[in-house]
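Q: Quick one: sequence and predicted model below, then my questions.
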Amino acid sequence: MTMLPHGALLSESTVHTDLFAVLAAFVAINTVMYVALAVAKMLPKFYLSDWVNSGQRRARTRSIHPHRSGD
């Protein structure tokens with residue numbers, strides 16, 4: 001059974017290459033994006049119409065049970 005020096009899986013020369021740095025950056029950005037998407041999925045839905053007043057809303061309700069303004 002051979003012993004690896006403190007759990008090193010790749011040689012030091014491999015870890016210090018430009019290709020490995022690009023791969024590590026890709027993995028880091030990918031991880032951050034997935035965390036952001038997971039957090040966004042947990043938050044309540046955001047509707048722009050709740051924040052911006054739109055002129056397309058009806059002035060009166062058309063429900064079969066209209067609100068009484070005089071009572």
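A: Thanks, I have it.
Q: make it CA atoms for all contacts and neighbour counts henceforth
A: Fine.
Q: helix or strand right after the helix or strand hosting residue 23?
A: Element membership of residue 23, judged by DSSP states H and E, is helix 18-42. Next along the chain after helix 18-42, taking DSSP H and E as the criterion, comes helix 48-51.
Q: circling back to that earlier point, report the mean per-residue pLDDT for the helix holding residue 23.
A: Taken as a whole, helix 18-42 has a mean pLDDT of 96.
Q: which helices and strands sit right next to that helix?
A: Where contact means 3 or more CA pairs under 8 Å, 6 or more residues apart in numbering; DSSP states H and E, helix 18-42 is not packed against any helix or strand.
Q: rerun at 10 Å
A: Contact analysis of helix 18-42 by 3 or more CA pairs under 10 Å, 6 or more residues apart in numbering; DSSP states H and E lists helix 12-15 as its packing neighbours.
Q: Can you name the residues in contact with the helix it packs on?
A: Identification of contacts with helix 12-15 by CA atoms under 10 Å, 6 or more residues apart in numbering yields 9, 20, 21, 24.
Q: how about those in a markdown table, adding neighbour count?
A: What follows is those, written out as a markdown table (neighbours: other CA atoms under 10 Å):
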| residue | neighbour count |
| --- | --- |
| 9 | 9 |
| 20 | 12 |
| 21 | 13 |
| 24 | 13 |
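Q: center of this protein, which residue is that?
A: Among the residues of the chain, the one closest to the centroid is residue 37, at 2.0 Å (CA atoms, centre = their mean).
Q: Could you check how far that residue is from residue 9?
A: Separation of residue 37 from residue 9 (CA to CA, to the nearest Å) stands at 31 Å.
Q: One more: residue 21?
A: When distances are taken as CA to CA, residue 21 and residue 9 turn out to be 16 Å apart.
Q: Ok, residue 49 next?
A: With distances defined as CA to CA, the gap from residue 49 to residue 9 amounts to 53 Å.
Q: which residues touch the residue nearest to the centre of the chain?
A: The contact partners of residue 37, by CA under 10 Å, 6+ apart, come to residue 31.
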